[in-house]
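J.: Fold the following for me, if possible:
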Amino acid sequence: MDVVKINDEFIKLGQCLKLAGLVNSGVMAKIAVQNGEVSVNGEVETRRGRKLHEGDLITFMGQEVKIER
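T.: Numbering: from 1, shown residues only. Next up, the predicted model:
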């Protein structure tokens, strides 16, 4: 499992996907999220702007990323 460290209170889902290296661009993040390919805490998430906080777990294409501060 990979970890994304944040300095602020939250990070948006699209930004997190890019920061974790799961997608190469914001456009790819948008498409993946809109297509229902991304889960947050075990539930499909279709909002690219979803705010992620410490402890959230993102799953995309079999890879997991945890948000830490």
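J.: in the longest helix seen in the chain, what's buried?
T.: For the chain, the longest helix by residue count, based on DSSP state H, is helix 26-34. Residues of helix 26-34 classed as buried: 29, 32, 33 (neighbour count, 16 or more other Cβ atoms under 10 Å). From N, CA and C alone the C-beta is placed, and that goes for glycine too.
J.: so what's residue 43 bridging to?
T.: Judged by DSSP bridges, the bridge partners of residue 43 are residue 40.
J.: no wait, residue 57
T.: residue 66.
J.: mind listing what it touches?
T.: Residues counted as contacts of residue 57 (Cβ atoms under 8 Å, 6 or more residues apart in numbering) are 40, 41, 42, 64, 65, 66, 67.
J.: Now the two most distant members of the residues you listed.
T.: Farthest pair in those (Cβ to Cβ) is 42 and 67. Separation: 14.4 Å.
J.: export stretch 25-38 as PDB, just CAs?
T.: Output of stretch 25-38 as PDB, limited to C-alpha atoms (Å, rounded to 0.1, in the frame of the first residue of the first chain):
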ATOM      1  CA  SER A  25      -2.900  13.900 -15.800                       C
ATOM      2  CA  GLY A  26      -5.900  15.600 -14.400                       C
ATOM      3  CA  VAL A  27      -7.900  14.500 -17.500                       C
ATOM      4  CA  MET A  28      -7.000  10.900 -16.800                       C
ATOM      5  CA  ALA A  29      -8.100  11.300 -13.200                       C
ATOM      6  CA  LYS A  30     -11.400  12.900 -14.300                       C
ATOM      7  CA  ILE A  31     -12.100  10.000 -16.700                       C
ATOM      8  CA  ALA A  32     -11.200   7.300 -14.200                       C
ATOM      9  CA  VAL A  33     -13.400   8.900 -11.400                       C
ATOM     10  CA  GLN A  34     -16.400   9.500 -13.800                       C
ATOM     11  CA  ASN A  35     -16.200   5.900 -15.000                       C
ATOM     12  CA  GLY A  36     -16.500   4.600 -11.400                       C
ATOM     13  CA  GLU A  37     -13.000   3.100 -11.400                       C
ATOM     14  CA  VAL A  38     -12.000   4.700  -8.100                       C
END
